[in-house]
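next come a sequence and a model predicted from it.
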Amino acid sequence: MKTKLFALAGAAFIALGGSAFAQSYPSGNIDYIVPYPPGGGTDVLARQLNDQIARSTGWNFVILNQPGAGGTIGMDQLSRADGDGQTIGMGQTSNLAVNPALNPEVQYDPLADFTPIALVNTQPMGIITHNDSPFADFAAVLEAVRAEPGSVLYGTPGTGTVSHMSIERLMAQDDLVFEHVPYTGIAQAISDVMGGVVDIYVGSLPSVMQHVEAGNVRLLAVTSAQPHPLVPDVPTVASLGFDGYLAEDWKAVVGPAGMPEDAVAALNQAVNDALAEPELRAALEAQGSVVLGGTAEEFRAFLADEVAAWANVVDAAGLR
Amino acid sequence: MTFFDNILLGLETALSLNNLMWCFVGVFMGTLLGVIPGIGVLAAISMLFPLTFQLEPTAALIMLAGIWYGTTYGGSTASILLNVPGTPSSAITALDGYPMAQQGRAGVALLMTTFASFFGGSVGIILLMGFSGTISQMALQFSSTEYFALMLLGLIAASGMSNGAMIKGLIMVCLGVLFGLVGSDIYSGARRFTFGLVELADGIALVALALGLFGISEVIASVGKISAKGVDPDAVRFKAMKPTRDDMRRSWFPMLRGSAVGSFFGTLPGTGPSIAAFMSYALERRVAKEPERFGKGAIEGIMGPESANNAADQTAFIPTLALGIPGSATMALMLGALMIHGIAPGPQLMSEQPALFWGLVMSFWIGNLLLLVLNIPLIGLWVRLLTVPYQWLFPAVLMFVCIGTYSVNNSGFDVLLVAFFGILGYVLRYLSFPAAPMILGFVLGPLMEEHFRRAMLLGRGDPMTFLQRPISASVLFITLCLLIWGVYSAMRKRSAGS
């Protein structure tokens, strides 16, 4: 009886050891830092993605919401975590590319202090105006600004957001002067756009789409490089004479610097596999996202481009 | 959508099993904390609202509303049984409620209070349903200029909240505004008054401020002051609750008058339930045939004020939900909680999120009904809670305060802030500065700044924009009159005193 038990225990031990050897990553729960509060856009995306990964790999993610200071508190914490692959998180345009350039109090270097793992998705900004606005299209807005600098007021969901920076980028590219009116949420902003108090409003495409679909406002342009699949007829800002113009809110999985290569590879594979699942893909596209994915190297190059581009905009606008 | 559709939509939302459960949890927890002597409504709400942050917004709001009624009701229980009111409005209930308890009629007083609350609350809810739509329709035309003027009016009116000492109220409002300005400047992104602490970049957490000012300081102030009094649980047995025919006869008109007075004062900024309850008590005394019965256990003296404060509680939601402008400290806390949930109260709320709005309104009713159902059988339990020794109760309360604060942002810094505001709150209380106007200033200050600066931007830097628009000009004029009147009456009082 006793020998049998020992044999069983031994077999179990070997089996466990064997599986641990075949799959050296992850060793236990993966802490996953979301630098925004529960229920926000980043939190929801992280949970959708992780649920999908957990279903196919059996990994266990523990989501830690660490909100504050525009997502930079959570990213700071991530940059200081052990680079063993057991702590990763979700970053995005604002806290990985814009804020490090904009805000002198941000301690981390987005390129040196993180290991890029995989891009997840991206959403462009949508530029809207009220129905009775004199601007038939975005070209007319540009014309008005060129004729009289500062004559166009644009609302955004806040200073330093991708929406705000998207117009700053436009101004940096062509010496235009728009007047910024920041809001703290979309409700009052939409009411002011509809009332013609501000001329245009820039917000993430999903956030403005419901008002466009309800017929309350008109969508003039999107800030992506290509026309967006949800609104294929709406021109991009780039197509109006701004070559290389791009202002998107992308989200990506990142880890602290110095992560082992096998962990990065395993995570990148898991993210890409999850994004290939039709169910998750459809859910993301319905929210106005373009699904990205791709290799960690592609993300590294993309991140370097974005960091440089936004630093240029911040310098040109003198915002730091 | 018609009015009736809205009500159905609201009932559908509020009666979903999930929402009903959270409503129940809110009412139960609220009563539990509200009963504890020394823990006022504001303290109880601020202690409990971190519990709602993990819920989805509708359920969270419904739970918050439940917490609110629960604490109000629990406060009345403590004042009737022990004469230790947690809030000024329940202080009035104690005037006649405690004598009734001494006469062995505690059960009757508690039961009748429940009915009066339900009745007054219902009247308020009906008015809320009727008027919110109209007001929010009107407010859709408002821009930052009008909002700034209205908020200024609210703040000035609120500083008079503190029983006449307008200067002290004003000082506290300003202090609140100053604390509200800590954090990132929304126009430039620059960090103000953060002392280089990245934890302060988003400003001081409302939960930390409210819990410190109301929770911790009330506990400190209660230490050694309140001793566990013997309460006879038998006095509130079910049998002892039956009101006499005379009680019933005397209650009807005070309830009607109280509801009317309460509904009116609830909508005015800066007045709210306490003043409504005071007014109603004064009115009942004046119309009574035998005013000498008041203060000795007259049932009219609890029925009027209790229906008045509950009606006022409900109508106070009209400006809060329809305009996004809170009229009282409690409403400021509710508004803050809404904003933490990512909901911006204002005229758009009704049209954009009708299920949330009407669900909330209907849950007010269900919450009131639950109170009725919950409290009649559970009064005995609440009474027993009063006999728990405070050396056990208060440390437990402090522990929950710390857990609650930490859980909001997973931030240890916020717990330190609670300690700071706890001490500040105690010092202010010691110097008899009212803390309630401070929280209103804290919530409204940053909003006012936002609207002021946006109005200036839209007006291309011309301050005359506030006077050129008729609505903002007239609101500013009323504010000025109020301020002059306040200063004048304070000076007259001083010269009369010297």
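Sure thing, it's come through.

CA atoms for contacts and neighbours, from now on please.
Fine.

tell me the contacts of B:Ala43?
Counting by Cα atoms under 8 Å, 6 or more residues apart in numbering or on different chains, B:Ala43 makes contact with B:Ala210, B:Leu211, B:Phe214, B:Gly215, B:Glu218.

distance of the residue lying closest to B:Gly459 once chain neighbours are set aside from chain A?
Leaving aside its chain neighbours, B:Gly459 sits nearest to B:Thr465 (5.8 Å; criterion: Cα to Cα, 6 or more residues apart in numbering or on different chains). Distance from B:Thr465 to chain A, counting by Cα to the nearest Cα, to the nearest Å: 13 Å.

B:Thr465 touches B:Arg453, doesn't it?
No - shown here, B:Thr465 and B:Arg453 do not form a contact pair, counting by Cα atoms under 8 Å, at 11.7 Å.

next up, phi/psi of A:Thr57, please.
Backbone torsions of A:Thr57, given as degrees, to the nearest 10, read phi -110, psi -20.

actually A:Thr236, not the one I wrote
A:Thr236 adopts backbone torsions of phi -90, psi 160, taken as degrees, to the nearest 10.

please name the bridge partners of it.
For A:Thr236, the beta-bridge partners are A:Val222 (DSSP bridges).

what pLDDT is listed against it?
Looking at A:Thr236, its pLDDT is 94.

tell me who's in contact with it.
A:Ala221, A:Val222, A:Thr223, A:Ser224, A:Ala225, A:Gln226, A:Pro227.

give me that answer again for 6 Å
A:Ala221, A:Val222, A:Thr223, A:Pro227 (Cα atoms under 6 Å, 6 or more residues apart in numbering or on different chains).

how about the last one: what's its closest non-neighbour residue?
Going back to what we said before, that points to A:Pro227. For A:Pro227, ignoring the flanking residues on the chain, the nearest one in space by Cα to Cα, 6+ apart is A:Thr236 at 5.8 Å.

from B:Arg250, how far off is B:Lys242?
15 Å (Cα to Cα, to the nearest Å).

equivalent analysis for B:Val427, please.
Counting by Cα to Cα, the gap between B:Val427 and B:Arg250 amounts to 44 Å.

gap between the residue nearest to B:Pro319 when sequence neighbours are not counted and B:Leu128?
Closest residue to B:Pro319 apart from its sequence neighbours, by Cα to Cα, 6+ apart: B:Ile325 at 5.7 Å. Distance from B:Ile325 to B:Leu128, counting by Cα to Cα: 15 Å.

how about the residues of chain A near chain B?
A:Ala69, A:Thr159 (Cα under 6 Å from any Cα of the partner chain).

would you agree A:Ile88 falls within a strand?
Yes - under DSSP: H, G, I helix; E, B strand; the rest coil, A:Ile88 sits within a strand.

the nearest residue to it once chain neighbours are set aside: what's it in contact with?
Using Cα to Cα, 6+ apart and skipping residues adjacent in sequence, the residue nearest A:Ile88 is A:Gly255, 4.3 Å away. Contacts for A:Gly255 (Cα under 6 Å, 6+ apart) come out as A:Ile88, A:Phe114, A:Thr115.

using CSV, write out every CA atom in the helix or strand in which A:Gly255 is found.
A:Gly255 belongs to strand A:248-256 when assigned by DSSP states H and E. The C-alpha trace of strand A:248-256 is given here as CSV (Å, rounded to 0.1, in the frame of the first residue of the first chain):
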residue,chain,number,x,y,z
GLU,A,248,-4.3,57.5,-32.6
ASP,A,249,-5.1,56.1,-29.2
TRP,A,250,-3.4,52.7,-29.4
LYS,A,251,-3.1,50.3,-26.5
ALA,A,252,-0.4,47.7,-26.0
VAL,A,253,0.9,45.1,-23.6
VAL,A,254,4.3,46.0,-22.1
GLY,A,255,6.5,44.7,-19.3
PRO,A,256,9.4,46.1,-17.3
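
packing partners of the very next helix or strand once past that strand?
Next helix or strand after strand A:248-256 toward the C-terminus (DSSP H and E): helix A:261-276. Judged by 3 or more Cα pairs under 6 Å, 6 or more residues apart in numbering or on different chains; DSSP states H and E, the packing partners of helix A:261-276 are strand A:114-130.

now the angle between strand A:114-130 and the following helix or strand past the strand it packs on, please.
Downstream of strand A:114-130, the first helix or strand assigned by DSSP H and E is helix A:138-147. On the basis of axes from the mean of the first three to the mean of the last three Cα atoms, to 10 degrees, helix A:138-147 is oriented at 90 degrees to strand A:114-130.

pull the distance from helix A:138-147 to the chain's centre.
For helix A:138-147, the separation from the chain centroid amounts to 29 Å (computed by Cα atoms, centre = their mean, to the nearest Å).

before we move on, what about stretch B:468-480?
Distance of stretch B:468-480 from the chain centroid (Cα atoms, centre = their mean) equals 27 Å.

still on that earlier bit, let me know the closest of the contacts of A:Thr236 to B:Ser143.
A:Ala221 (25.8 Å; Cα to Cα).

please look at the closest one and A:Pro235 and confirm they touch.
Yes - with contact defined as Cα atoms under 6 Å, A:Ala221 and A:Pro235 form a contacting pair (5.2 Å).

these two: who's more crowded?
Taking neighbours as other Cα atoms under 10 Å in any protein chain shown, A:Ala221 and A:Pro235 compare with A:Ala221 leading, 27 against 22.

quick check: the gap between that one and chain B.
On the measure of Cα to the nearest Cα, A:Ala221 and chain B end up 24 Å apart.

what's near enough to touch whichever residue of the stretch 101-250 of chain A sits closest to chain B?
In the stretch 101-250 of chain A, the residue that lies nearest chain B is A:Thr159 (5.9 Å; Cα to the nearest Cα). Contacts for A:Thr159 (Cα under 6 Å, 6+ apart) come out as B:Tyr187, B:Gly189.

again, but for A:Val181
Contacts for A:Val181 (Cα under 6 Å, 6+ apart) come out as A:Tyr154, A:Gly155.

ramachandran angles for it?
Torsion angles, degrees, to the nearest 10, at A:Val181: phi -120, psi 100.

ramachandran angles for the closest residue to B:Gly120 other than its chain neighbours?
Using Cα to Cα, 6+ apart and skipping the chain neighbours, the partner closest in space to B:Gly120 is B:Ser307 (4.0 Å). Torsion angles at B:Ser307 (phi, psi; degrees, to the nearest 10) stand at phi -70, psi -30.

where does A:Tyr154 fall, secondary structure wise?
Element membership for A:Tyr154 (DSSP H and E) is strand A:153-156.

what sits up against the helix or strand just after that strand?
Going down the chain from strand A:153-156, the next helix or strand is helix A:162-174, by DSSP H and E. By Cα under 6 Å, 6+ apart, the list of residues contacting helix A:162-174 from outside reads A:Thr156, A:Val202, A:Gly203, A:Ala247, A:Val313, A:Ala316.

next one: stretch A:197-215
Counting by Cα under 6 Å, 6+ apart, A:124-129, A:153-156, A:163, A:218, A:288 sit against stretch A:197-215.

now the buried members of these.
Neighbour-count burial (16 or more other Cα atoms under 10 Å in any protein chain shown) is assigned, among the contacts of stretch A:197-215, to A:124-129, A:153-156, A:163, A:218, A:288.

lowest pLDDT pick from those?
Across the set of the buried ones among the contacts of stretch A:197-215, A:Gly288 stands lowest in pLDDT, at 85.

looking at this, it is in a strand?
No - A:Gly288 sits outside any strand when classified using three-state DSSP, being coil.
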